[in-house]
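Asker: starting from these lines, generate the structure:
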Amino acid sequence: MTEYSLHQEIKKACSISGDKFEVKLGKYIVDILRENLIIEVQTKNFSALKEKLQILTSNHQVRLVYPLVERKWITYVTKNNIVIDRRKSPRKGVLTDVFRELVMIPHLMGRENFSLEVLFIDEEEIRCADGKGSWRRRGVSIKERKLLSVNKRVVFQDKSDYLKVLPEELKEFFTNRELSKVAKIPIRTAQQITYCLRKSGIIQTLQKRGKAYLYQKS
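Answerer: Just a heads-up that it's a prediction; the model follows:
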């Protein structure tokens, strides 16, 4: 996997004086060690950390830091790194986007030794049409990801924190479609949220309402 400078910059943004970096604990290398607190930065693919987090949380406090891209600028360069275009992406990241990753580790949500910190960031993504990138981008490579700013931090420490993603006006008993409508999010995102909250015991699944599952805030 390509290591971008974004990962290092996020580590610096999360660190304080006295922190130790790249420390070996058992068979794992952790990003930051602060006394008994482990801080792991993961820009995507929580599934890659599933086993590591499971083991580390058995003996340590672990905070997973996830940079959520609120605003992105895309810069296109030539193979010689000459800038030929720069534009702002129309997409704006929102807090519920984190559940696309949390579906891989819902059992850790609300666990005593686990916390999640979401950093809302602005980033710059450097791209090059060198023919080596993903077919989804028609061969355009992502050469670098850079941190521009950290705008806000949201910490999920216990189960009650995760419940805050549900809108206040949402009824006690609700379906995915109702959550989607009230929160103004895609139905797919609503399904990811209820999956995570259900697997972690934060909400309960009741009988069906018609063909739709009915959920209740615990």
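
Asker: domain map for the protein?
Answerer: The chain breaks down into these domains under automatic domain parsing: 5-157, 166-218.

Asker: for Ile144, helix, strand, or coil?
Answerer: Careful, residue 144 is Glu and not Ile. Three-state call for Glu144 (DSSP: H, G, I helix; E, B strand; the rest coil): strand.

Asker: test my guess that it contacts Gln8.
Answerer: No: judged on C-beta atoms under 8 Å, Glu144 makes no contact with Gln8 at a distance of 11.6 Å. Placement of C-beta: from N, CA and C, glycine included.

Asker: buried sites along stretch 206-218?
Answerer: Counting neighbours by 16 or more other C-beta atoms under 10 Å, one finds that the buried residues in stretch 206-218 are 213-215.

Asker: any idea of the mean pLDDT for the lengthiest helix in the chain?
Answerer: As assigned by DSSP state H, the longest helix anywhere in the chain is helix 187-199. In this model, helix 187-199 has a mean pLDDT of 98.

Asker: got a list of contacts for whichever helix or strand comes after that helix?
Answerer: Downstream of helix 187-199, the next assigned helix or strand under DSSP states H and E is strand 203-209. Applying C-beta atoms under 8 Å, 6 or more residues apart in numbering, the external contacts of strand 203-209 come out as 163, 173, 175, 194, 197-198, 213-218.

Asker: closest one of the residues you listed to Phe46?
Answerer: Phe46 has its nearest neighbour among these in Leu197, at 16.0 Å by C-beta to C-beta.

Asker: Lys164 is in contact with the closest one, correct?
Answerer: No: in this structure Leu197 lies outside contact range of Lys164 using C-beta under 8 Å: 11.3 Å.

Asker: tell me which of the buried residues of stretch 206-218 fall in strands.
Answerer: If you go by DSSP state E, the buried residues of stretch 206-218 have 213-215 in strands.
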